[in-house]
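J.: from the sequence below, what's the structure:
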Amino acid sequence: MIALFLHKLKKCCVKRPKLEALIPLKRYSYAQVKKITKSFTDGVGKGGFGIVYKGVLHDGRKVAVKVLKDSKRNNGEDFINEVASMSKTSHVNIVTLLGFCYEGSKRAIIYEFMEKGSLDKYMSSDIDRSALYGIALGVARGLEYLHNGCRERIVHFDIKPQNILLDDNLCPKVSDFGLAKLCENKESIMSLLDTRGTIGYIAPEVFSRMYGRVSHKSDVYSYGMLVLEMIGARNKKTPEDSTSNESSMYFPEWIYKDLEKGYNKRLIENGISCEEDKIVRKMTLVGLWCIQSSPSNRPSMNKVVEMMEGSEDALEVPPKPVLPQIPAAPLLESSWISEENSSPSEV
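T.: Below you'll find the model as predicted:
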């Protein structure tokens, strides 16, 4: 198993030799990991694949150390996915991998530490909409890089607020690549034997092929749901929503009703500025384009960045998507659907 892991890791690094200077993949012993984390005394997050601890390197740098649990699951594929995928990245909107520990059943991943933690902590706060817009744009640029900026396309498969980390300047960084897949030659269509993602963000084609083929467009769907949640559109309830079916919890019908009337009355508060109104409308339209039921009707992340950077007046109202009834439990025993709401890391 360790030979297979090192082979995959070496393969990734060889294809991007300059990356070693940017992201030196140092291998740590378990004893070193314990020393860095002061024997795992400062836990800062918990996710589907492990617990994250705050640590300090010998040079004084703060780091986050994710200690993986259940290492026997899928032969440790989540660990290999994360290290192999992230060893290929170098982008301002992707969290930086600093090293790893692979010592028998003890496995850990060491990242840069993000002081502000994960985005979910700020979703219901008074953070202004221009800051939310900047975060959404940064996430879009990070995903665009994963899909098109790497030598091999990387599909994340678990975009959600808990996996978006913020630095002191609220610059977002995509994290947690445990479910990621590498696509050689930037292939668009992927073959998955298991269901991946988090309920509420998972693209319909990932759990049912009747909606289309799994591809990088699955990340686009998750991004759209993230954006709608950031502006409060996904979760806000109204009296008419309570009489609709369960799909309303994933897509509020009233968004289209308001857009058809030409205003965002329910999305915004009294006294909101015209500029903020435009930001909310733009994010709403981009989010709706991203969650189209058919992957072919969703924009690529290149186009999403273009839409986010452009004028909201240039955006048309997309067709109303027919969203599926997402199951409350995994479809298959081998499925990797995460239902955890806690923040996985502050890495």
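
J.: next helix or strand past the worst-scoring helix or strand of the chain on mean pLDDT?
T.: Averaged element by element with mean pLDDT, DSSP states H and E, the chain has its least confident helix or strand at helix 19-22 (a mean of 37). Proceeding N to C from helix 19-22, the next assigned helix or strand is strand 26-28, under DSSP states H and E.

J.: go through that next one and flag the buried ones.
T.: Residues Tyr28 are the ones in strand 26-28 that count as buried (16 or more other CB atoms under 10 Å). Where C-beta positions appear, they are placed from N, C-alpha and C, glycine not excepted.

J.: so what touches the next helix or strand after it?
T.: For strand 26-28, the succeeding helix or strand toward the C-terminus, using DSSP H and E, is helix 30-36. The contact list for helix 30-36 (CB atoms under 8 Å, 6 or more residues apart in numbering) reads 28, 40, 55-57, 63, 65, 67, 101, 103, 106, 108, 110.

J.: for the record, mean pLDDT for the helix or strand hosting Ala108?
T.: According to DSSP H and E, Ala108 maps onto strand 106-112. Averaged across strand 106-112, pLDDT comes to 93.

J.: do stretch 126-134 as well
T.: Per-residue scores along stretch 126-134 average to 88.

J.: picking up where we left off before, the very next helix or strand once past the strand holding Ala108 pairs with which strands, and in what direction?
T.: For strand 106-112, the succeeding helix or strand toward the C-terminus, using DSSP H and E, is strand 117-118. With DSSP bridges as the test, strand 117-118 is paired with strand 164-166 (antiparallel).

J.: which parts of the partner strand are buried?
T.: Buried-residue list, strand 164-166, by 16+ other CB under 10 Å: Ile164, Leu165, Leu166.

J.: and if you look at stretch 165-180?
T.: Quick answer for stretch 165-180 (16+ other CB under 10 Å): Leu165, Leu166, Pro172, Lys173, Val174, Ser175, Asp176, Phe177, Gly178, Leu179, Ala180.

J.: now do the buried residues in the strand holding Ala108.
T.: Within strand 106-112, the residues scored as buried using 16+ other CB under 10 Å are Arg107, Ala108, Ile109, Ile110, Tyr111, Glu112.

J.: isn't the first one up against Lys69?
T.: No: in this structure, Arg107 sits apart from Lys69 without contact. The criterion is CB atoms under 8 Å, and the distance is 9.2 Å.
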